[in-house]
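# Build me a structure from this.
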Amino acid sequence: MAAFLPPTLSDTIIALSTPPGAGAIAVLRLSGPSAIGITDLVFHGHQLADQRGHTMHYGTIRDEGRIIDEVVVSLFRGPRSYTREDVVEISCHGSNYIVQQLLMLLVRCGARLAEPGEFTKRAFLRGALDLAQAEAVADLIAADSALSHQVAMQQMRGGFSRELRDLRARLVQFASLLELELDFGEEDVEFADRTGLVALSQEVQALVRKLLRSFELGNVIKNGVTTVIAGRPNAGKSTLLNALLHEERAIVSAIAGTTRDLIEDEVSIDGIRFRFVDTAGLRDTTDVVESIGVERTRQRVQQAAVVLYLFDITSTSPAQLEAEIEDLRLPAGVSVVAVGNKLDVASDDEISTFSARPDTVLIAASRGDGLDELQTALLEHVRGAGLDRTGSSTIVTNLRHARSLEATIAALDAVLVGLATGAGTELVAADLRQALGALGEITGEISSDDLLTSIFTQFCIGK
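Numbers count the residues shown, from 1 in each chain. Have a look, this model is predicted:
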């Protein structure tokens, strides 16, 4: 892949690599064969062409004698750079006007505005990163919790890729023996041990299935734990949402049916991102708008990872609570935490009725009582599902990777069926090539221009 360099790699590209908007500093990044030469045309300080890589230089950027800004230039010579090309990063003052002036000046001097993800795409094309690592760069930028950061970092450093390469290398050895048999097809020789190929295919399938099972977990880490707050009207759902978020996000009223649409927001608890969803109260109603809200609540509950079923301790019996939770008709795998509210006004008998119930937390949402216990219960539920598995464990977070793993399993199924039924070598070899291709698509050992365009256009400009 690194040996094939499309014509666009002869360009020198430039982009703003820090978020747009006024700030203390902004960083403009150039990459390409003329990055140093173009910068030397406008930079007044040291002659960059004469400087070593990994050095920084103070000076001014001038346009025909007019000083635009005082800057610090960082110089990275390829291949010891992010893109393995010559890279220059210009740190200037974070004024929108200054940034635009510098961009226009450097484009006039020969640079081209970079496309989204083009710096990382160049790193991939020049062999600095494989495709899975390149995608992890985008995940790392988007990471907003300790777990999503840790998983993205592990993938960017090549942990997932090494695991896939090991699997693929073992299959390649058998594939090459099958191809060799095809070359000697008329002599009826057998180089590949069929029993060994069956054992290896089953072993690889088991490992791939393990990776695939981690995708549900990885999707939660990447997108947050969807936690729906459900219950009857006036149970205190909006009050609980505000208490969990530490802000007045939802309208609180004593009038039943105030919340008629979904209200969502996120908060990180002990490094895990939770997406809390406040919902309309569950009840039969003739109000058309409220009934739409109730239906949306029921739909959202079906999509939840965790449901906090909120009930009023002072007006709910254990039998009613069980019936209401049963009425949710939750799919398998959805955790439910029953949350008894209004602890502050409940009698001792009402409190004791529910205090010993499993998976039940008692709170006073209006005062914040019991919130620590509720957060602990939430963490126990998601960690019980394996959400704190990090470190050396490989977790799949990318839908494209999951689909390729599914294709690998299907292709190996075909290999095993072919071996069991005595299919011809050419058919078994073709199915094995399919498995190798599916694994290779994840790391980019096998890729198409359409695939690369689809992936890198999702990156931010400047990365």
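# so Y309 sits right up against V337, yeah?
Yes: using CB atoms under 8 Å, Y309 is in contact with V337, at 7.2 Å. No exception for glycine: its C-beta is placed from N, CA and C like everyone else's.
# Have a look at the two and say which one is more surrounded.
Taking other CB atoms under 10 Å, Y309 and V337 do not tie; Y309 has more neighbours (25 against 18).
# SS state for that one?
Under DSSP: H, G, I helix; E, B strand; the rest coil, Y309 falls in the strand class.
# now it: how far from T279?
Taking CB to CB, to the nearest Å as the measure, Y309 falls 11 Å from T279.
# Now the common contact residues for those two.
Applying CB atoms under 8 Å, 6 or more residues apart in numbering, one finds that Y309 and T279 are jointly contacted by A230.
# just checking, what packs against the helix or strand harbouring E373?
E373 is located in helix 371-384, with elements delineated by DSSP states H and E. Using 3 or more CB pairs under 8 Å, 6 or more residues apart in numbering; DSSP states H and E, the elements in contact with helix 371-384 are strand 225-231, strand 263-269, strand 272-278, strand 306-312, strand 335-341, strand 360-362.
# Which one, of those strands, ends up nearest to T195?
Closest approach to T195 among these (CB to CB): strand 335-341, 44.0 Å.
# Could I get the average pLDDT for the closest one?
Averaged across strand 335-341, pLDDT comes to 89.
# biggest strand in the chain, by residue count?
strand 66-76 (DSSP state E).
# got the phi/psi numbers for G422?
Backbone torsions of G422, given as degrees, to the nearest 10, read phi 70, psi 30.
# now swap in H57 and tell me
Torsion angles, degrees, to the nearest 10, at H57: phi -140, psi 130.
# Past the helix holding E373, which element shows up next along the chain?
Next along the chain after helix 371-384, taking DSSP H and E as the criterion, comes helix 399-421.
# now that following helix, how far from the chain's geometric center?
In terms of CA atoms, centre = their mean, to the nearest Å, the gap separating the centre of helix 399-421 from the centre of its chain is 25 Å.
# Same check on stretch 234-252?
Remark: stretch 234-252 is offset 28 Å from the chain centroid, using CA atoms, centre = their mean.
# And stretch 209-219, by the same measure?
Counting by CA atoms, centre = their mean, stretch 209-219 is centred 13 Å from the centre of its parent chain.
# can you check stretch 15-22 too?
Averaging C-alpha positions (CA atoms, centre = their mean) puts stretch 15-22 23 Å from its chain's average.
# For it, the averaged confidence score.
For stretch 15-22, mean pLDDT rounds to 90.
# would you list the helices and strands packed on helix 371-384 in JSON lines and tack on distance to G368?
What follows is those, written out as JSON lines (distance: least, CB to CB, whole Å):
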{"stretch": "strand 225-231", "distance to G368": "16"}
{"stretch": "strand 263-269", "distance to G368": "14"}
{"stretch": "strand 272-278", "distance to G368": "15"}
{"stretch": "strand 306-312", "distance to G368": "15"}
{"stretch": "strand 335-341", "distance to G368": "12"}
{"stretch": "strand 360-362", "distance to G368": "13"}
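# Let me know which of these is the nearest to L182.
Going by CB to CB, the one of the helices and strands packed on helix 371-384 nearest L182 is strand 225-231, 50.3 Å.
# packing partners for that closest one?
Packing contacts for strand 225-231, counted by 3+ CB pairs under 8 Å, 6+ apart, involve helix 237-245, strand 272-278, helix 288-302, strand 306-312, helix 371-384.
# Can you check which of the ones you listed gets nearest to I14?
Here strand 272-278 is closest among those (CB to CB), at 34.1 Å.
# That closest one: which residues count as buried?
In terms of neighbour count (16 or more other CB atoms under 10 Å), strand 272-278 has its buried residues at 272-278.
# Give me the angle between that strand and helix 237-245.
If you take axes from the mean of the first three to the mean of the last three CA atoms, to 10 degrees, strand 272-278 sits at 160 degrees to helix 237-245.
# Next, the angle strand 263-269 makes with strand 272-278.
150 degrees.
# so what strands line up beside strand 272-278?
strand 225-231 (parallel), strand 263-269 (antiparallel) (DSSP bridges).
# So which of those is the most surrounded?
Ranked by mean neighbour count under mean count of other CB atoms under 10 Å, the strands paired with strand 272-278 are led by strand 225-231, which reaches a mean of 24.
# Outside of that strand itself, list whatever touches it.
Residues from elsewhere that reach strand 225-231 (CB under 8 Å, 6+ apart): 237, 240-241, 272-279, 281-282, 297, 300-301, 303-311, 324, 328, 378, 382, 387.
# Can you pull up the most central residue in this protein?
Most central in the chain under CA atoms, centre = their mean is K222, positioned 4.0 Å from the mean C-alpha point.
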